[in-house]
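Enquirer: One predicted model, sequence on top.
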Amino acid sequence: MSTGTLTIDLDAIVANWRALAAMSQAETGAVVKADGYGLGAGRIARALQRAGATRFFVATAEEGASLRQEIGTAPEILVLSGHMSGDTDMIGDLGLTPVLNSIEQLTRHFEALPGAPFAIQLDTGMNRLGLKWADWAAVAAMALAQGPSLVMSQLACADEPDHPMNPRQLQTFREMTDGIAVPRSLAATGGILLGPDYHFEVTRPGIGLYGGLPFARAEPVVSLELPVIQIREVEPGESVGYACSFTATAPMRLATLAAGYADGLRRSLAGCAALWHGDTPCPMVGRVSMDLLTVDVTALTETPQSLMLLGPHQEADDLATVAGTVNYEILTQLGRRYTRRHVGA
Ligand SMILES: *Cc1c(COP(=O)(O)O)cnc(C)c1O
């Protein structure tokens, strides 16, 4: 086999969902946008459904449509980008719940699908999606009379517990929504960790389900094993890969592995990251190319069939630190060529 194997532990995802659910009195939804952060939205949602989750969040109506085929008609699927022009048939036919973000979207939804489910997003300061206060004040009575399933907002800085933006957005959300008889939602993973003031009636964790920070107590979910295609010995003075960017200074054993930047392994990992064989780290050398990378396996006594890029010794958070990015990007960039194996649940 010449593609990497991505193993996704569904039991760990369920355990993480339960642990996050246990931190609040709220109903706990699950965010499975971007194909479940690259890990397979359908399989994950079905596992969480069996564990009791009934609300799933996706980014687009297209994602909602494909999730609907996988999880049946019962769970609510909320579409965070709302009701865009062209989405009406998908939303109506598949019973999706758009999170309406503007007066334009409210108007489109009420005209195209009167009586159909919807939710509302309010902008409490992030300036990305949602109705600003003046617009909300103008339409709140009318919109609430139509029976939204949820009124929500998103925190900009929830991964920094002491950031003054958190209480400021909480206060704004309260002022915009106190007294309404509709379930409210403000907290993603970071917001759950900020404590009960932030929980309201529904929470929406994503990254924490998948084992990532800021949920430090999460169980690891992902391992990625890359096959070794070939092993060679090089002498001092020989160079490796494109642009001869690495030159051996001692006799070395190098393994060439079947994964590269076309699989989401950024070129900036070159010279920084290691792959693991059991407990032994093996540094990457030379450049990352499209389909291949080269690893120094001199330290190993045996000849490895494969090496681990993600696993117990190096999680997505660690790789993100090395690569200068965030765990969300590491997960969502995991290549489509990898074989995805779902285990457990
Ligand atoms: C992505 C997203 C979430 C989940 O965020 P995590 O940080 O992954 O828990 C929740 N709500 C909204 C609106 C989102 O866009």
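Expert: Received, thanks. Numbers count the residues shown, from 1 in each chain.
Enquirer: Which residue would you name as the spatial centre of this structure?
Expert: Note on the chain: the residue nearest the mean C-alpha position is Tyr37, at 3.2 Å, using Cα atoms, centre = their mean.
Enquirer: Help me confirm that Val79 comes into contact with Glu62.
Expert: No. Judged on Cβ atoms under 8 Å, Val79 makes no contact with Glu62 at a distance of 9.2 Å. (Each C-beta comes from the backbone N, C-alpha and C, glycine too.)
Enquirer: who's more crowded, the two?
Expert: Between Val79 and Glu62, counting by other Cβ atoms under 10 Å, Val79 is the more crowded of the two (28 against 13).
Enquirer: For the more buried one, give the beta-bridge partners.
Expert: Note on Val79: beta-bridge partners Val58, Pro98, judged by DSSP bridges.
Enquirer: per-residue pLDDT, it?
Expert: Looking at Val79, its pLDDT reads 98.
Enquirer: likewise the one 5 residues further on?
Expert: Per-residue confidence for Met84 comes out at a pLDDT of 97.
Enquirer: Now do the nearest residue to it once chain neighbours are set aside: how many residues are near it, please.
Expert: Taking Cβ to Cβ, 6 or more residues apart in numbering as the measure, Met84 lies nearest to Ala61, with 7.0 Å between them; neighbours along the chain are not counted. For Ala61, the tally of surrounding residues (other Cβ under 10 Å) stands at 22.
Enquirer: Got phi/psi on Ala61?
Expert: The phi and psi torsions at Ala61 (degrees, to the nearest 10) take the values phi -60, psi -40.
Enquirer: same thing with the one 5 residues further on?
Expert: With angles defined as degrees, to the nearest 10, Ser66 shows backbone torsions of phi -70, psi -30.
Enquirer: same deal with Val240?
Expert: Per-residue torsions, Val240: phi -130, psi 130 (degrees, to the nearest 10).
Enquirer: all helices for the stretch 151-300 of the chain, in order.
Expert: Along the stretch 151-300 of the chain, counting by DSSP state H, counting those that start in this stretch, helices occupy 165-177, 189-193.
Enquirer: One more: the stretch 1-150 of the chain?
Expert: The residue ranges that make up the helices of the stretch 1-150 of the chain, judged by DSSP H, counting those that start in this stretch, are 10-22, 33-37, 41-51, 61-71, 88-94, 103-112, 133-145.
Enquirer: Show me the domain layout of this structure.
Expert: By the record's domain assignment, the chain is partitioned as 10-210, 222-343 (automatic domain parsing).
Enquirer: As a markdown table, the helices of the stretch 1-150 of the chain with distance to Pro164 would be great.
Expert: As requested, the helices of the stretch 1-150 of the chain are exported to a markdown table (distance: least, Cβ to Cβ, whole Å):
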| stretch | distance to Pro164 |
| --- | --- |
| helix 10-22 | 25 |
| helix 33-37 | 28 |
| helix 41-51 | 34 |
| helix 61-71 | 34 |
| helix 88-94 | 38 |
| helix 103-112 | 30 |
| helix 133-145 | 19 |
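Enquirer: nearest spatial neighbour of the closest residue to the ligand within the chain, skipping sequence neighbours?
Expert: The shortest separation between the chain and the ligand is 2.6 Å, found at Gly206 (distances taken as Cβ to the nearest ligand atom). Excluding the flanking residues, the one nearest Gly206 by Cβ to Cβ, 6+ apart is Val31, at 3.4 Å.
Enquirer: Report the contact partners of that neighbour.
Expert: By Cβ atoms under 8 Å, 6 or more residues apart in numbering, the contact list for Val31 reads 56-58, 188, 204-206, 209.
Enquirer: Noted, bye for now.
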